[in-house]
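Undergrad: Build me a model:
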Amino acid sequence: MIKQKFFYLTALLFSGAFLLNAQPDRWQQRVEYKMDIAFDVQTHQFTGLQHLTYFNNSPDELNSVFYHLYFNAFQPGSMMDVRSRTIADPDSRVGDRISKLKPNEMGYQHINSLKRDGKVVSFEVAGTILEVHLDKPIPPHSSAVFEMEFEAQVPLQIRRSGRDNREGIAYSMSQWYPKMCEYDYQGWHANPYVGREFYGVWGDFDVTIHMDRKYIIAASGYLQNAEEIGYGYEKNGTKVKRPEGEKLNWHFIAPNVHDFVWAADPDYEHKTFVRADGMVMHFFFQPGDKTSRNWAKLPKVMDRAFEFINKTFGQYPYKKYSFIQGGDGGMEYPMATLIIGERNFGSLVGVSVHELIHSWFQMVLGTNECLYAWMDEGFTEYASAETKHFLKKEGLISINEPSGNPHLAANSSYLRFNQSGKAEPLSIHADHFVTNAAYSVASYVKGHAFLTQLQYVMGKPAFDRGMLRYFDTWKFKHPNPNDFIRVMEKESGLELDWYKEYMVNTTHLADYGIKTVEKEGKKKTKVVLEKIGIMPMPLDVVVTYKNGSKELFNIPLRIMRGAKQAEFKDMKFTLLNDWPWTNPDYSFVIDEKIKKVVKVEIDPSKRMADANGDNNSLELEGN
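TA: Model (predicted):
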């Protein structure tokens, strides 16, 4: 009996461990911020009280914690400044501008005091990182309360955040508060603010901003006291009068987000649009000849965009989203974006769609952008192309799509840059690319091509199901590349680790060609294909017959351990034997008893990024 109990207990523990390891439910740290901000618009400075409850849900003791102090990057001699002045291709928005900032134009965040659970703790500022040394560790599965007093100065707008941007927006307040760094299964991510990309801890934000009464504030989260401050409310057809006094107290709550952004301007016009599902879109812009007409047309288009994105990539989980004129181009934040607003309508829709879709791939999925920027920017580019293609078909926008393919330009750009010899692998940390161009192409363009080619490998039906499954499986859990590819493997039934490894860890390209197409006897045609590039890929070979019909021959890779299903209803699908990737050649025979072959083409869909497309098509003479 004892042996039986021991066996049962052992089996139960093993089974539990297996089930635990099989779940995608990775532990997450959590934060609860409560901040009270007193803002002085004359000096562009503010003081803050921050009450932060930090939940250590990890299995580890934490002997230190770290905060980001992003505003400190906007000082002469900062790492961002030096990097911008020494990199071969500096961002034109930054250049040497930081080095020329005067004392009243630079940014800073000064920590005046910091307590942990009521006791003073020691800390050290190292550029844009606050290092906090704990006398007593934070045990696993416990919490600590940090109380901070800080002061800050808003820099001239240079990159994302700051005051007085080029369109005259007074304050674009992103990366504006001391923000706890993320700690995950890889440890602390206390990355200095050198160039780009962010990673944050999900939690709840309760923010009160005391601001000059002339200013209208747009922000993440839900405004709690609109009636109290007389903003946007009417009684008996008359707008509520704003209370007397120099400042208004704007109170926002943002649940389950990993950042909080706000912007302020005395000239903002505020419009709202309530979608059929109850979600409210907000639009903040300065009215004028360059904005009013286009911003008035934007809500209808973005309503349709929301509808498509929810259906295609997963349901947006919040009840609000704000499009805010501000910043230095377009930059995403939870429940909001800052965008330059003086654009033609097509450009305004384009940037709005792109920044909105970040709400799926960064604000909800929350990949570590510093390590996997392509999983955010590249996936967002793919989804943006799909969304704009939909809006074009609906007659809502006019965009240029070569051959009607929304992904063709990205594949072409990816190939051109890769063949320039300047490409770097996706596995490089965002701040450590040798050039800004290599980062941009890797993150935006190759990340886009990653999905386009994967759709080709898996087949569109399985791919589309996989994208929804990915969102639903990994939302609010910080997925990594392996997490994504495992979802796609489960959905497709294929082994896809080879694809991830080539695309992420190398700069190798696929290159296939038609070597020969020759008659074999009277009723057969033999097709010989060759593998020229290093990266292996499965092939779709489309054969056109003399009567106009077409047949798709699919050649899977042996390392896929399977093959995709038929994608196109108007084309016969024939599955051939798999291709061992080490073999330089592959051949198959077409039976021509009824139909004669007139053309053979590798991947007419152009989803595969083939390094040389000139040898991908062959028309047969005399047939």
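
Undergrad: and stretch 319-334, how far from the chain's centre?
TA: 14 Å (C-alpha atoms, centre = their mean, to the nearest Å).

Undergrad: let me fix that: stretch 560-567
TA: Centroid displacement of stretch 560-567 relative to its chain, using C-alpha atoms, centre = their mean, is 28 Å.

Undergrad: Look up the closest residue to the residue minimising distance to the centre of the chain, ignoring the ones flanking it.
TA: With distances taken as C-alpha atoms, centre = their mean, Asp376 lies nearest the centre of the chain, 2.2 Å away. Spatial nearest neighbour of Asp376, excluding adjacent residues (C-beta to C-beta, 6 or more residues apart in numbering): Gln362 at 4.4 Å. Heads up, the C-betas are built off the backbone N, CA and C, glycines and all.

Undergrad: Show me which helix or strand of this protein is least confident by mean pLDDT.
TA: The weakest-scoring helix or strand in the chain, judged by mean pLDDT, DSSP states H and E, is helix 2-22 (a mean of 37).

Undergrad: I'd assumed the residue nearest to the centre of the chain was in a helix, is it?
TA: Yes: assessed by DSSP: H, G, I helix; E, B strand; the rest coil, Asp376 belongs to a helix.

Undergrad: how much space between it and Pro255?
TA: Between Asp376 and Pro255 the distance, using C-beta to C-beta, to the nearest Å, works out to 22 Å.

Undergrad: And for Val504?
TA: Separation of Val504 from Pro255 (C-beta to C-beta): 33 Å.

Undergrad: what about these two, which has more around it?
TA: Neighbour count, other C-beta atoms under 10 Å: between Val504 and Pro255, Val504 has more, with 19 against 15.

Undergrad: what helix or strand is Arg486 on?
TA: Per DSSP states H and E, Arg486 falls inside helix 481-492.

Undergrad: what's that helix packed up against?
TA: helix 447-458, helix 460-474, helix 497-505 (3 or more C-beta pairs under 8 Å, 6 or more residues apart in numbering; DSSP states H and E).

Undergrad: Now do that helix against helix 447-458, angle only.
TA: For helix 481-492 against helix 447-458, the angle by axes from the mean of the first three to the mean of the last three C-alpha atoms, to 10 degrees is 30 degrees.

Undergrad: quick one: contacts of helix 481-492?
TA: Applying C-beta atoms under 8 Å, 6 or more residues apart in numbering, the contact partners of helix 481-492 are 24, 372, 375, 454, 458-459, 462-463, 465-466, 469-470, 473-474, 495-497, 499-500, 504, 562, 564.

Undergrad: and that helix with helix 460-474, angle?
TA: Using the same axes, to 10 degrees: helix 481-492 against helix 460-474 is 130 degrees.

Undergrad: Report the buried members of the contacts of helix 481-492.
TA: Buried members of the contacts of helix 481-492, counted by 16 or more other C-beta atoms under 10 Å: 372, 375, 454, 458-459, 462-463, 466, 469-470, 473-474, 496, 499-500, 504, 564.

Undergrad: Domains of the protein: list them as residue ranges, please.
TA: Taking automatic domain parsing as the reference, the chain has its domains at 25-261, 402-505, 512-619.

Undergrad: any chance of these in CSV, with distance to Leu348 and mean pLDDT too?
TA: Shown next, in CSV, are the domains of the chain (distance: least, C-beta to C-beta, whole Å; pLDDT from 0 to 100):
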stretch, distance to Leu348, mean pLDDT
domain 25-261, 13, 96
domain 402-505, 19, 97
domain 512-619, 29, 95
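
Undergrad: ok, Asn577 - how many residues close by?
TA: 10.

Undergrad: Over to Val598?
TA: Residues contacting Val598 under the criterion other C-beta under 10 Å number 16.

Undergrad: Spell out which residues sit in contact with the residue nearest to Asp376, please.
TA: Counting by C-beta under 8 Å, 6+ apart, the residues that Gln362 touches are Glu332, Glu369, Asp376, Thr380.

Undergrad: so of these, which ones are in helices?
TA: Among those, DSSP state H puts Glu369, Thr380 in helices.

Undergrad: Of the contacts of Gln362, grab the buried ones for PyMOL.
TA: Only the buried entries of those go into this PyMOL selection, using 16+ other C-beta under 10 Å:
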select buried, resi 332+369+376+380
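
Undergrad: Closest to Gln325 out of the contacts of Gln362?
TA: In terms of C-beta to C-beta, no member of the contacts of Gln362 lies closer to Gln325 than Glu332, at 14.8 Å.

Undergrad: could you pull out the helices for the protein?
TA: For the chain, the helices defined by DSSP H occupy 2-22, 79-86, 292-313, 345-361, 369-373, 379-393, 408-419, 436-440, 447-458, 460-474, 481-492, 497-505.

Undergrad: I'd like those as JSON lines, with distance to Lys515 appended.
TA: Listed next are the helices of the chain as JSON lines, based on distance: least, C-beta to C-beta, whole Å:
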{"stretch": "helix 2-22", "distance to Lys515": "45"}
{"stretch": "helix 79-86", "distance to Lys515": "48"}
{"stretch": "helix 292-313", "distance to Lys515": "39"}
{"stretch": "helix 345-361", "distance to Lys515": "40"}
{"stretch": "helix 369-373", "distance to Lys515": "38"}
{"stretch": "helix 379-393", "distance to Lys515": "32"}
{"stretch": "helix 408-419", "distance to Lys515": "21"}
{"stretch": "helix 436-440", "distance to Lys515": "34"}
{"stretch": "helix 447-458", "distance to Lys515": "21"}
{"stretch": "helix 460-474", "distance to Lys515": "28"}
{"stretch": "helix 481-492", "distance to Lys515": "29"}
{"stretch": "helix 497-505", "distance to Lys515": "23"}
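
Undergrad: Which among those helices is found nearest to Gly200?
TA: Across these, Gly200 has its closest neighbour in helix 369-373 (9.5 Å, C-beta to C-beta).

Undergrad: Using CSV, write out every CA atom in that closest one.
TA: Extracted C-alpha coordinates of helix 369-373, given in CSV (Å, rounded to 0.1, in the frame of the first residue of the first chain):
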residue,chain,number,x,y,z
GLU,A,369,11.0,45.5,-27.9
CYS,A,370,14.6,46.0,-27.0
LEU,A,371,15.3,42.3,-27.8
TYR,A,372,12.6,41.5,-30.3
ALA,A,373,11.6,44.8,-31.9
